[in-house]
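S.K.: no sequence on hand, only this structure:
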């Protein structure tokens, strides 16, 4: 069982956007700065006009790791986690599990697309190789 994040006014769009197949990232309405993790105030210009919007859901692997340790009973290993630079959100990176790929096939610079894994009201982003 994955621990579920607590939904807050600033992070709800990110954790629930997957219900509509959308990767939601916060942006400042004044300076257009991309903000992740979401915050109520823009860290660049201090504006409180922060709103979430959908980004393309694609990106490039910045770095990754292949985990061979089963941290919980019945956890399938190996699995890969990737940190992905998000297209359409400069400076934003999202870390998530890589699915639908051999963990040993992941590479820095590889193009990825988002998919989602649902538990209750939470939609966890996952990465898979873009075709």
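M.R.: Now that the structure is in, tell me what you want to look at. Here the structure is a predicted model, which means the values were calculated and not measured.

S.K.: how about the residue most central in space within the chain, what does it touch?
M.R.: Relative to the mean C-alpha position of the chain, the nearest C-alpha, by CA atoms, centre = their mean, is the one of residue 94, at 3.8 Å. For residue 94, the residues meeting the contact criterion (CB atoms under 8 Å, 6 or more residues apart in numbering) are 23, 36, 59, 83, 84, 86, 125. Bear in mind the C-beta positions are built from the backbone N, C-alpha and C, glycine included.

S.K.: helices of this structure, start to end?
M.R.: If DSSP state H is used as the criterion, the helices of the chain fall at 12-16.

S.K.: where does it dip in pLDDT?
M.R.: Low-confidence segments of the chain, defined by pLDDT under 70: 1.

S.K.: try it again with 90
M.R.: The model of the chain has pLDDT under 90 over residues 1-3, 70-76, 131.

S.K.: as a check, name the ranges of all strands in it.
M.R.: Secondary structure of the chain (DSSP state E): strands at 23-28, 34-35, 50-55, 58-67, 79-86, 93-98, 111-119, 122-129.

S.K.: burial count for residue 113?
M.R.: Other residues within reach of residue 113, judged by other CB atoms under 10 Å, total 17.

S.K.: which residues does it bridge with?
M.R.: Taking DSSP bridges, one obtains residue 58, residue 128 as the residues bridged to residue 113.
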